[in-house]
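Colleague: predicted structure and sequence below. I'll ask about it afterward.
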Amino acid sequence: MTTIPTPSTVKRLFAVSGNRCAFPKCINKLIEEEKVTGRI
């Protein structure tokens, strides 16, 4: 069973992440211009 996060949870995760990938030494942004490149 897959649980889909609520929009408020998604917004909070992106805010807390500082728009950066969580993997060590990764410098990728989660949102670039208008394209979402990150995954939850």
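Modeller: Structure's in. What do you need?

Colleague: tell me which stretches of the chain form helices.
Modeller: 7-17 (DSSP state H).

Colleague: do a quick rundown of the strands in it.
Modeller: Here the chain has its strands, by DSSP state E, at 31-32, 35-36.

Colleague: would you turn those strands into a markdown table with mean pLDDT and distance to R20?
Modeller: From N, CA and C alone the C-beta is placed, and that goes for glycine too. A markdown table is the format used below for the strands of the chain (pLDDT from 0 to 100; distance: least, Cβ to Cβ, whole Å):
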| stretch | mean pLDDT | distance to R20 |
| --- | --- | --- |
| strand 31-32 | 82 | 10 |
| strand 35-36 | 82 | 14 |
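
Colleague: so which of these gets nearest A22?
Modeller: strand 31-32 (14.1 Å; Cβ to Cβ).

Colleague: about what we covered before: pick the most buried one from the strands of the chain.
Modeller: strand 31-32 (a mean of 12; mean count of other Cβ atoms under 10 Å).

Colleague: could you dump the strands of the chain to CSV with distance to F14?
Modeller: Formatted as CSV, those follow (distance: least, Cβ to Cβ, whole Å):
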stretch, distance to F14
strand 31-32, 7
strand 35-36, 9
